[in-house]
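Q: just need the structure, nothing else, for what follows:
(one chain, ligands or ions: 1)
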Amino acid sequence: MNKQKPTGQKTGMFRLGKSLSRSVLFFAPALLLAGCSPEEPMNWLFAGGDAAEQARELTVFVLVLAGIVLVGVEGLLFYAFFRFRRRGPARDLPPQVHGHAVIEVTWTLIPTVIVAAMAVPTVQTIFSLANPPEPNPLKVEVIGHQWWWEFRYPDIVPGRTITTANELRIPVGRTVLASVSSADVIHSFWVPRLAGAIDVIPGRQVNQVWFNAWAPGEYYGWCKEFCGTQHAQMRFRVIAMPQAEFEAWVRARLTPPPQPAGPAREGYELFGRFGCNGCHTIAGTPYQGRVGPDLTDIGGRRTVGAGVLPNDPEGKNLARWIKDPQAVKPGAKMPALGLSDEQVGAIVAYLQSLK
Ligand code: CUA
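A: This next block holds a predicted model:
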């Protein structure tokens, strides 16, 4: 009886599908293009240093070649579809080209030339990226941890090492040679605007990658190898600064922190009483834990929890983190210690004083 209804529903569904697919067609490229902005701090298309530029040039070259191949092959295919489509009633098979010497040689030669054209710059780039271009690069040790990054500058001045976490400060223009290793599982160290990714492997192997930054700024990095629940929140930043600023930072790092006073004094004591020092080091104090991030310059860092929260000047996010790390970054190795708000406030005051 009611034969019209299903058809009506079908039309409605069809319309909905059509408008949905239209929105997707419209928004998907917009979203994709949004990731291409030069302001995007992880956009490898806008290289920020020599190593990334070499990788970018090679990648763009290969993409252009691949694009030409795509257009050529698909063009021939569609030409054949239309030029040789069946017209009228079925006839016998068209003339066969199997064993046609000219065609066989041509379609063997063309790919060989294309692969050779890609191989030459690829091998050149591999060799060029294998060794730092500067005989005396700034050496840093990068150690991956679930889920944060340790950065060490061995012998930055003879006999002294600086350790920091999640923010790697480098002088503009200087070649940096990073030796990467892991404290636990496999990670991958990647700063897209500065260098290609390098595997971070526990055990014996120490991999190396070099890079430099042309201009001061923040270059975002991310772990690029799945390494557990908080893999996606294993972030870091490379902060490139003018040489003089970098040297001032190094001097500040080599100076013991001032004696804490006022509310920071109480925070300093709570830090030891609640066992924060079991995991964390603060240089120049008896606190020398080696499990978690070194906190010697935590007050001067831009983020909390390996890039998860901005380190606001009032220390609100630092307090949130200390109060309950699991609420901010579930699975993080740092436990909530059941501190009162006053105790958290005192520890934040102490940590914020460490700059
Ligand atoms: Cu570390 Cu993914």
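Q: for stretch 305-325, which positions count as buried?
A: Buried residues in stretch 305-325, counting neighbours by 16 or more other CB atoms under 10 Å, are found at 305-309, 311, 315, 317-325. Every C-beta, even on glycine, is put in place using the N, C-alpha and C of the backbone.
Q: please flag which of these sit within strands.
A: Filtering the buried residues of stretch 305-325 for membership in strands, criterion DSSP state E, returns residue 309.
Q: of the buried residues of stretch 305-325, which is the nearest to residue 108?
A: residue 307 (50.3 Å; CB to CB).
Q: in the stretch 251-355 of the chain, which residue sits nearest the ligand?
A: residue 306 (9.7 Å; CB to the nearest ligand atom).
Q: next, residue 155: phi, psi?
A: phi 50, psi 40 (degrees, to the nearest 10).
Q: ok, it touching residue 161?
A: Yes - in this structure residue 155 lies within contact range of residue 161 using CB atoms under 8 Å: 6.8 Å.
Q: any weak-confidence spans in this protein?
A: 1-20, 26, 29-39 (pLDDT under 70).
Q: longest single helix anywhere in it?
A: In the chain, taking DSSP state H as the definition, the longest helix is helix 50-83.
Q: for that one, buried residues please.
A: Across helix 50-83, burial judged by 16+ other CB under 10 Å covers 50-56, 58.
Q: helices and strands around that helix, which ones?
A: For helix 50-83, the packing partners by 3 or more CB pairs under 8 Å, 6 or more residues apart in numbering; DSSP states H and E come out as helix 101-130, strand 207-211.
Q: who does the nearest residue to residue 131 once chain neighbours are set aside bridge with?
A: Nearest non-adjacent residue to residue 131, counting by CB to CB, 6 or more residues apart in numbering: residue 210, 7.6 Å away. Beta bridges link residue 210 to residue 177, judged by DSSP bridges.
Q: could we number from 749 for the rest of this?
A: Done: numbering now begins at 749, and the last item shifts to residue 958.
Q: and residue 958, how many neighbours does it have?
A: Number of residues near residue 958 (other CB atoms under 10 Å) recorded here: 21.
Q: surely it touches residue 799?
A: Yes - taking contacts as CB under 8 Å, residue 958 lies within contact range of residue 799: 6.1 Å.
Q: okay, and the common contacts of these two?
A: Listed as contacting both residue 958 and residue 799 by CB atoms under 8 Å, 6 or more residues apart in numbering are 877, 943.
Q: good, we can wrap up now.
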